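**Q** kindly return the folded structure for what I paste below:
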Amino acid sequence: MTDTLYPPATPALATRRRALAPTMQKAFEAFGAAVFADGALASATKQLIAVAVAHATQCPYCIRSHTRAALAQGASESQVMEAIWVAAEMRAGGAYAHAAIAIQAMDEMPRR
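**A** Model prediction:
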């Protein structure tokens, strides 16, 4: 990544993170392995979901790693892009749906 806001994901950073909290790191890795294993959903499908969520949460590390994982699990580039469009619709849909709160607040205000 060339963005200076996010440091590059390096082996040294991973080693340091593990050294600072090895028990939690091991548990996190086991949790991730269980979550992304084939189950009711195929691993590739789970990775496509992760691509969409990564875009909705705007995590550059997650976007990169789950895009690569989805492709490695057999997802196509078109499937990855469609997952991204699902995330875009959900973000926009959230703003649209929450307009109800603003409309309610406007309706509660005295009219001028």
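**Q** return the distance of the helix or strand containing Arg18 from the chain's centre.
**A** Taking DSSP states H and E as the definition, Arg18 sits inside helix 11-20. Centre-to-centre, helix 11-20 and its host chain are 22 Å apart (C-alpha atoms, centre = their mean, to the nearest Å).
**Q** could you list every helix and strand in contact with that helix?
**A** Judged by 3 or more C-beta pairs under 8 Å, 6 or more residues apart in numbering; DSSP states H and E, helix 11-20 is in contact with no other helix or strand. To be clear about C-beta, it is placed using only N, CA and C from the backbone, and glycine gets the same treatment.
**Q** and the next helix or strand past it?
**A** Reading on from helix 11-20 to the C-terminus, the next helix or strand found by DSSP H and E is helix 22-36.
**Q** roughly how far does Ile49 sit from Arg18?
**A** 26 Å (C-beta to C-beta, to the nearest Å).
**Q** how much space separates the residue nearest the centre of the chain from Arg68?
**A** Geometric centre of the chain, nearest residue: Ala54, 1.8 Å, by C-alpha atoms, centre = their mean. Distance, Ala54 to Arg68, by C-beta to C-beta: 11 Å.
**Q** same thing with Arg17?
**A** 19 Å.
**Q** identify the residues contacting stretch 58-74?
**A** Stretch 58-74 is contacted from outside by 1, 3, 6, 9, 36, 42-44, 47-48, 50-51, 53-55, 77, 79-80, 83, using C-beta atoms under 8 Å, 6 or more residues apart in numbering.
**Q** quick one: which of those residues sit in helices?
**A** 36, 43-44, 47-48, 50-51, 53-55, 77, 79-80, 83 (DSSP state H).
**Q** can you put the residues you listed in CSV and add pLDDT and distance to Ile103?
**A** Conversion of these to CSV gives the following (pLDDT from 0 to 100; distance: C-beta to C-beta, whole Å):
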residue, pLDDT, distance to Ile103
Phe36, 98, 40
Ser43, 97, 42
Ala44, 97, 41
Gln47, 98, 38
Leu48, 98, 34
Ala50, 98, 34
Val51, 98, 33
Val53, 97, 28
Ala54, 97, 31
His55, 97, 28
Glu77, 98, 40
Gln79, 98, 37
Val80, 98, 36
Ala83, 98, 31
